[in-house]
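1. Test case, fold it:
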Amino acid sequence: MSAFDALDLLDCYARGVFPMAHAREDARVFLIDPERRGVIPLDRFHVPSRLARTVRGDPFELRFSTAFHRVVLECAASGPGRTETWINRPIESLYLELHAMGYAHSVECWQDGELVGGLYGVSLRGAFFGESMFSRRRDASKVALVHLVARLIAGGFRLLDAQFMTEHLSQFGAEEITRAAYHRRLKAALAVDADFYVGGGDAGGATGADGTEGVAAFGSGVTAGEAGADAGAAAGSSSTFGSAAAGALATGARSGAVAARAGPGAAALQLIAQAS
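-> Purely as a prediction, here's the structure:
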């Protein structure tokens, strides 16, 4: 029997199944298809008012897939209140393979040259499967999520899978649906072509905290930095919109018309508002 590889994992995602492990040093990988599934509707994504002010202020430099492995390692790291992680070494290796193949991406928040938060996930046609997120500065993973949603809207995605419903995600409008409903949404999303990089640049692109563009998980929880809305440091932790609207948003992102009027944070919020 051949070893389970990245192509097998992609096939699992296409069937609505995702991998998990009991612990970092436990080499066993389990495939999960839960009865209830957490999703974040892209056309009903909610940005709390305080977070919106933070996003508009552009406190971080946003980069996309420039430090994918580091993001995975940060998400896999233990911390206060979380001694174990579901990201074991076989799962880590599979995501590195998917990243090399162009299917796995990271959204990264940088500050003063330091990676301080972010998330990663897998894209397959019109579906994005959020895997995990981390934060070392207040709101860093939340800001990354807002920019992810804006990028998915611009790229024509239909489904943002968060795996499990959590209190943390409920503030963004996440909802829990049945397995059957999830599979219907997944089927519709897989029938659509989408582009993760339509919102600006190729893999490795960056958006500066000053509003200029550079060259170049999720339901799983948040690590140190975001236990509550006002916490400075603590332990961690679809959507369907018309094709015409999606096309208009993508066109705006390609032309740079939105970014020309505002910084990257304000542009992201504008895309989200237009999709609602």
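
2. And the strands in the stretch 51-200 of the chain, which stretches?
-> For the stretch 51-200 of the chain, the strands defined by DSSP state E, counting those that start in this stretch occupy 61-64, 104-111, 114-124, 127-135, 159-163, 175-178.

3. Single out the most deeply packed of those strands.
-> strand 127-135 (a mean of 27; mean count of other CB atoms under 10 Å). Using the backbone N, CA and C atoms, a C-beta is placed for each residue, glycine as well.

4. Give me the mean pLDDT for that strand.
-> Strand 127-135 shows a mean pLDDT of 95.

5. circling back to that earlier point, same list (the strands of the stretch 51-200 of the chain) but as a markdown table, adding distance to residue 97.
-> Putting those into a markdown table (distance: least, CB to CB, whole Å) gives the following:
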| stretch | distance to residue 97 |
| --- | --- |
| strand 61-64 | 19 |
| strand 104-111 | 8 |
| strand 114-124 | 11 |
| strand 127-135 | 14 |
| strand 159-163 | 20 |
| strand 175-178 | 29 |
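
6. Tell me which of the ones you listed lies nearest to residue 88.
-> strand 127-135 (12.5 Å; CB to CB).

7. mind checking how far residue 196 is from residue 58?
-> 21 Å (CB to CB, to the nearest Å).

8. sorry, back to before: between the strands of the stretch 51-200 of the chain, which one is nearest to residue 42?
-> Among the strands of the stretch 51-200 of the chain, the nearest to residue 42 by CB to CB is strand 159-163 (5.7 Å).

9. pLDDT below threshold where in this protein?
-> Residues of the chain meeting the criterion pLDDT under 70: 1-2, 79-84, 199-261.

10. What segments of it are helices?
-> Ranges of helices in the chain, per DSSP state H, are 6-14, 49-56, 68-76, 89-101, 140-154, 167-170, 179-190, 243-255, 257-261, 264-275.

11. what's the spacing between the fourth one and its chain's center?
-> Averaged C-alpha coordinates place helix 89-101 at 16 Å from its chain's average position (CA atoms, centre = their mean, to the nearest Å).

12. Okay, buried residues for that helix please.
-> Under the neighbour-count criterion of 16 or more other CB atoms under 10 Å, helix 89-101 has 91-92, 94-95, 97-99 buried.

13. Output those in CSV; the columns should cover distance to residue 173.
-> Formatted as CSV, those follow (distance: CB to CB, whole Å):
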residue, distance to residue 173
91, 28
92, 30
94, 30
95, 26
97, 32
98, 27
99, 28
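
14. Of those residues, which is the nearest to residue 73?
-> Using CB to CB, those come closest to residue 73 at residue 92, 7.6 Å.

15. right, and that closest one touches residue 71 too?
-> No - Residue 92 lies out of contact with residue 71 (CB atoms under 8 Å); the separation is 11.1 Å.

16. and the two most separated of the buried residues of helix 89-101?
-> 91 and 99 (12.7 Å).

17. Verify the stated contact: residue 86 with residue 28.
-> No - the criterion here is CB under 8 Å, and residue 86 misses it with residue 28 at 11.2 Å.

18. which of these two has more neighbours?
-> Taking neighbours as other CB atoms under 10 Å, residue 86 and residue 28 compare with residue 86 leading, 22 against 10.

19. Just give the closest residue to the more buried one, not the sequence neighbours.
-> Of all residues not flanking residue 86 in the chain, residue 20 sits nearest, at 4.6 Å (CB to CB, 6 or more residues apart in numbering).
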